[in-house]
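[1] Sequence first, then the predicted structure, then my questions.
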Amino acid sequence: MTMESRRLHKLEKELQRTVAKIIASLKDPRVQFVSVVDVKLSKDMRYLDVYVSVLDSSKKEELKAVLKKAQGFIRRQIPNYMRLRIVPQVRVKLDESIERGSRVLQIIKKLRRERGEDDDLSHDVGDGAEIPELVGELVKEDSKSDSEQVD
């Protein structure tokens, strides 16, 4: 890791903590269960993508709108917590990796049950040899369920 990338990574972690504090300080009760999962600062340090996770997925669109309105406020608050030459423009985005990961695990468990295997993945360390086969089945299953939803 170069000196510049280490500096950028350190700055991103500090911005993540700062943005999390700012979001937690918002008076809106709808943002109580929002977690700042990650931030990505552009190389020119002008843009800060903030990835948030929402506990109640049924309200994620509503929370996305609330946080989108708060982007300017968050940007204006950053200098109160840390000194930056350039305060980046904040862009809040929903992080759906937890949902996707959960969905993948459910599909893998379903496939294992269909094969008559134990669906408990906690003890399954293995060498990963079956992963390509499972992924192929996962893609087929996923595309089948997507086509079923369209109809």
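    Thanks, I have the structure now.
[2] pLDDT below threshold where in this structure?
    1, 119-151 (pLDDT under 70).
[3] Give me the domain ranges for it.
    If you go by automatic domain parsing, the domain ranges for the chain are 3-95, 98-150.
[4] Tell me which of those sits most buried.
    Among the domains of the chain, ranked by average contacts under mean count of other Cβ atoms under 10 Å, first place goes to domain 3-95 (a mean of 15). For the C-beta atoms, the positions are set from N, CA and C on the backbone; glycine is no exception.
[5] Look at that one and report the distance between its end residues.
    28 Å (Cα to Cα, to the nearest Å).
[6] start the count at 136, not 1, going forward
    Sure, I'll start numbering at 136, so the last one becomes domain 138-230.
[7] Helices of the protein, start to end?
    138-160, 195-216, 232-249, 266-285 (DSSP state H).
[8] got TSV for these, with distance to Ser177 too?
    What follows is those, written out as TSV (distance: least, Cβ to Cβ, whole Å):
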stretch	distance to Ser177
helix 138-160	9
helix 195-216	14
helix 232-249	20
helix 266-285	32
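[9] At the geometric centre of the chain, which residue do we find?
    Asp230 (2.5 Å; Cα atoms, centre = their mean).
[10] Was I right to think that residue contacts Val171?
    No - Asp230 lies out of contact with Val171 (Cβ atoms under 8 Å); the separation is 9.0 Å.
[11] between the two, what contacts are shared?
    Shared contacts of Asp230 and Val171 (Cβ atoms under 8 Å, 6 or more residues apart in numbering): 186-187.
[12] Leaving out the residues flanking it, which one is nearest to the residue nearest to the centre of the chain?
    Tyr186 (3.9 Å; Cβ to Cβ, 6 or more residues apart in numbering).
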